[in-house]
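Novice: Take this sequence and fold it.
(one chain, ligands or ions: 1)
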Amino acid sequence: MTASPELPTPDRPTGARPFRLGTRRSPLALVQANAVRNALLAAHGWDAGAVELVEVIASGDRIQDRPLAEIGGKALWTKELDAQLLGGEIDAAVHSAKDVETWRPEAIAIAATLIRADVRDVLVGAASLGELPRGARIGTSAPRRAAQVLHARPDCEVVTFRGNVATRLARLSAGEAEATLLAKAGLDRLGEIGVGTPLDETEFLPAPAQGIIAIECRAEDDAAKHHLAAIDHADTHAQLRAERALLDALGGSCSSPIATLTMRDGEGWQMRAAIFSPDGAMRREGEARFAPGEHEPIRAMAEKLLHEAPEAITAHFEGAG
Ligand SMILES: NCc1[nH]cc(CCC(=O)O)c1CC(=O)O
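Specialist: Below you'll find the model as predicted:
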């Protein structure tokens, strides 16, 4: 296992190589990686050369014409960065936590999360779900968004929209759909302020980990862990652990329509979780209170949900039985 060599500090600014931060190449990924870089520079008082971005092309970015669930799931966002990390070519990798699958190699650890951004989805193309024209086409490839829209508006039709944020907005402008749904966090980070209407997060529940930027490093790289700990936002990290525990308990994948919202509840936390049939016709919701790191109530809620949900829902989860 390669450890990060000593890094520049105010007392020792020369002679060390930069900390290499791996990132995907999409405009959103680069904005996010730069946010992590700036956070590291500020937290450690390093000069600009101390953190270097290493751009990695992910298969998920190369294959744009088919739904993610069909071509191999979330691993398509992580496997190239995982390989670079394990091979010691980068010291850390920046991810949208929403795109990081539940199963991770044992030698890789989520070392830090930046403070969570806006968790809401934005509806682009109409002022509200109720105001969509009858039979409107909604462009999305996310099972959660499709099921949740169809639950509210069974008359609508879902058409597959993949590609990065700009591509999806261009496809909407080209008339391929009447509306689309995007994460407000991504739009904000790209400077697309004021696009569309944010949907109330208590009604249209977000995806697990939406709005969270996670930074991974080699599990045994104590130097990298130490550097990254300085930029970790503890409450966000607790939410991420809890929402990943939910995904794990449900056996949820990128083809599972699952939505969740984690909120402070006095001293502790409250989680709401909803699971759907892909056509949105069936919906089941649960709620759990938990303390950070104590995920048993979340697992119990997940088991109960799966136990009581109809086959039309559970068929899309592996946690059942
Ligand atoms: N699936 C792609 C993806 N992954 C993370 C974000 C947004 C940023 C975030 O949630 O932190 C997006 C775009 C979107 O869903 O609109």
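
Novice: From here on, just use CA atoms for contacts and neighbour counts.
Specialist: Fine.

Novice: what distance separates the start and the end of stretch 270-285?
Specialist: Using C-alpha to C-alpha, to the nearest Å, the end-to-end distance of stretch 270-285 comes to 13 Å.

Novice: Tell me, how many residues neighbour F276?
Specialist: Using other C-alpha atoms under 10 Å, F276 has 27 neighbouring residues.

Novice: Now it: closest residue in space, sequence neighbours ignored.
Specialist: The shortest distance from F276 to any non-neighbouring residue, by C-alpha to C-alpha, 6 or more residues apart in numbering, is to R283 (4.5 Å).

Novice: can you pull the contacts of that neighbour?
Specialist: 151, 274-277, 313 (C-alpha atoms under 8 Å, 6 or more residues apart in numbering).

Novice: Please list only the buried members of those.
Specialist: 151, 274-277, 313 (16 or more other C-alpha atoms under 10 Å).

Novice: Those in helices, which ones?
Specialist: 151, 313 (DSSP state H).

Novice: Now render the buried ones among the contacts of R283 as a markdown table, adding distance to S253.
Specialist: Output for the buried ones among the contacts of R283, formatted as a markdown table (distance: C-alpha to C-alpha, whole Å):
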| residue | distance to S253 |
| --- | --- |
| H151 | 20 |
| A274 | 14 |
| I275 | 12 |
| F276 | 13 |
| S277 | 14 |
| I313 | 13 |
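
Novice: Quick one: the buried ones among the contacts of R283 as a markdown table, columns for pLDDT too.
Specialist: As requested, the buried ones among the contacts of R283 are exported to a markdown table (pLDDT from 0 to 100):
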| residue | pLDDT |
| --- | --- |
| H151 | 98 |
| A274 | 98 |
| I275 | 98 |
| F276 | 97 |
| S277 | 97 |
| I313 | 96 |
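
Novice: check the buried ones among the contacts of R283 against the ligand, which are close?
Specialist: Applying C-alpha under 6 Å from any ligand atom, the subset of the buried ones among the contacts of R283 adjacent to the ligand is empty.

Novice: Could you pull out the strands in the protein for me?
Specialist: With DSSP state E as the criterion, the chain has strands at 19-23, 51-55, 92-96, 108-113, 121-124, 137-139, 157-159, 179-183, 197-198, 213-218, 258-265, 268-276, 283-290.

Novice: Now do the most centrally placed residue in the chain against the ligand, distance only.
Specialist: The chain has K98 as the residue nearest its centroid, 1.3 Å off, counting by C-alpha atoms, centre = their mean. To the ligand, K98 is 6 Å away according to C-alpha to the nearest ligand atom, to the nearest Å.

Novice: Spell out which residues sit in contact with that residue, please.
Specialist: 207-212.

Novice: So which bits of the stretch 201-321 of the chain are right by the ligand?
Specialist: Going by C-alpha under 6 Å from any ligand atom, the residues of the stretch 201-321 of the chain near the ligand are 210-213.

Novice: mind redoing it with 5 Å?
Specialist: 210-212 (C-alpha under 5 Å from any ligand atom).

Novice: show me what contacts whichever residue of the stretch 201-321 of the chain sits closest to the ligand?
Specialist: Nearest residue of the stretch 201-321 of the chain to the ligand: G211, at 3.2 Å (C-alpha to the nearest ligand atom). Residues in contact with G211 (C-alpha under 8 Å, 6+ apart) are 96-98, 116-119, 183-186.

Novice: Nearest to G252 among those residues?
Specialist: K98 (12.3 Å; C-alpha to C-alpha).

Novice: hmm, back to that, determine which two of the buried ones among the contacts of R283 are furthest apart.
Specialist: H151 and I313 (13.0 Å).

Novice: Common neighbours of those two, please.
Specialist: With C-alpha under 8 Å, 6+ apart, H151 and I313 have common neighbours 282-283.

Novice: still on that earlier bit, among the contacts of R283, which one lies nearest to I258?
Specialist: Nearest to I258 among the contacts of R283, with distances taken as C-alpha to C-alpha, is I275, at 4.7 Å.

Novice: Helices of the stretch 151-300 of the chain, residue ranges please.
Specialist: Counting by DSSP state H, counting those that start in this stretch, the stretch 151-300 of the chain has helices at residues 165-173, 184-189, 222-229, 234-250, 296-308.

Novice: Fine by me, thanks again.
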